[in-house]
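[1] got a sequence here, can you model it:
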Amino acid sequence: MDQRHKYKRRFGMFPLMALAAALVLGTAVRWLWNAILPALLNVNPISYWQAVGLLVLCRILFGNFGGRPGGFGGPPGGFGGPMARRAWREKWRNMSDEDRKKFRQEMRNRCGRPPENQ
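    Here you go, the predicted model:
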C-alpha cells in the first residue's frame, strides 16, 4: 500500500472518529452536569443534545480540547510544537558556552532552584 493511499484512508476515518468522540463526550458532559450542578447550583438538568451543544460552544470559545496550545492567535507550532523546538534547538546551537551557562543560571533563578555550587 503506497503512502498516499494510507494517508487517504486515515483522513477518511477522521469524521467517524470525531462523531464517536462527540457521542462519548456528550454523554459524559450530560452525566456530569446532571449529577453535580442541579444539586450544587440549583440549575436545570440538560439533555444529550444540549450537552453536545455545550461542547461545541466551549470548543468555539476556548479552543482545542487537549490539542496543541495556541488556539486563536497562538503561535503556529504551539509553545511546545515542532517549529518551536526546532527554533530553540537552532538558538542553542548558535550560543557560545558562556551564553549557555548564563542561560542555565537565569532559568535556575526564574524557576526558584538554588544556584549551583552552594
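[2] low pLDDT regions in this protein?
    1-5, 64-80, 113-118 (pLDDT under 70).
[3] how about the contacts made by S96?
    Neighbour list for S96: empty [criterion: CB atoms under 8 Å, 6 or more residues apart in numbering]. Just so you know, the C-beta spots here come from the backbone N, C-alpha and C atoms, and that holds for glycine as well.
[4] quick check on it: phi, psi?
    S96 adopts backbone torsions of phi -80, psi 170, taken as degrees, to the nearest 10.
[5] ok, now how distant is it from L16?
    53 Å (CB to CB, to the nearest Å).
[6] how about K8?
    In terms of CB to CB, K8 sits 14 Å off from L16.
[7] this protein: helices as residue ranges?
    Along the chain, the segments classed as helices by DSSP state H run 3-41, 48-62, 82-94, 97-111.
[8] return the most buried member of these.
    With neighbours taken as mean count of other CB atoms under 10 Å, the helices of the chain reach their highest mean count in helix 48-62, at a mean of 13.
[9] so which elements touch that one?
    With contacts taken as 3 or more CB pairs under 8 Å, 6 or more residues apart in numbering; DSSP states H and E, helix 48-62 sits against helix 3-41.
[10] mind giving me the packing neighbours of the helix it packs on?
    For helix 3-41, the packing partners by 3+ CB pairs under 8 Å, 6+ apart are helix 48-62.
[11] domain assignment for this protein?
    Domain ranges of the chain: 1-65, 77-118, per automatic domain parsing.
[12] contact partners of stretch 27-39?
    43-48, 50-52, 54-55.
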